[in-house]
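Participant: Got a sequence here, can you model it:
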Amino acid sequence: MIEGVAFGLADGAEVLGEARHPIQQYSLTGGGARSTLWAQLIADVLQLPVVTHPASASGALGAARLAWLADGGAEHEVCLKPPVQARYQPDDARGAVLQQRLRLFRELYIQQQQVRNLLPA
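Facilitator: As a prediction, this is how the structure comes out:
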């Protein structure tokens, strides 16, 4: 299950990778940041470093920061990077295996969509 979620993140990362500024690393926050397995899997699938941050209510904190900015908060005071708890470097060997599995995952997803389109509504 977590591998499938990591593959979903890879699809999102692919779109983000088309942006003007290449991504250097990813951050993992919240409950998922407590799992070393999860962080390493994401680093291996995305083939970029992943840093984790101490557990926090990151969604609520992000919303509060956006509200602070909307209320006139100074960006350099509001948009502070959280402390890094751990760093995970991608493993090339695991990454190669996971890239094969990602290709299969994408093929199966397309086939599933095609079958769905054949079924009556």
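Participant: which helices and strands does the longest helix seen in the chain pack with?
Facilitator: Determined from DSSP state H, the single longest helix within the chain is helix 92-118. Packing partners of helix 92-118 (3 or more CB pairs under 8 Å, 6 or more residues apart in numbering; DSSP states H and E): helix 2-16, helix 36-46. (Glycine included, C-beta is placed from N, CA and C.)
Participant: Any idea which of those helices gets closest to P120?
Facilitator: Among these, helix 2-16 comes nearest to P120, with 27.6 Å by CB to CB.
Participant: Buried residues in the closest one, which are they?
Facilitator: The neighbour-count check on helix 2-16 (16 or more other CB atoms under 10 Å) flags 6-7, 9-10, 13 as buried.
Participant: any idea of the mean pLDDT for the longest helix of the chain?
Facilitator: Regarding helix 92-118, the rounded mean pLDDT is 93.
Participant: Counting neighbours, what do you get for M1?
Facilitator: Neighbour count of M1, defined by other CB atoms under 10 Å: 5.
Participant: re earlier: with respect to the helices and strands packed on helix 92-118, which exhibits the lowest mean confidence?
Facilitator: Looking at the helices and strands packed on helix 92-118, the bottom one is helix 2-16 with a mean of 89.
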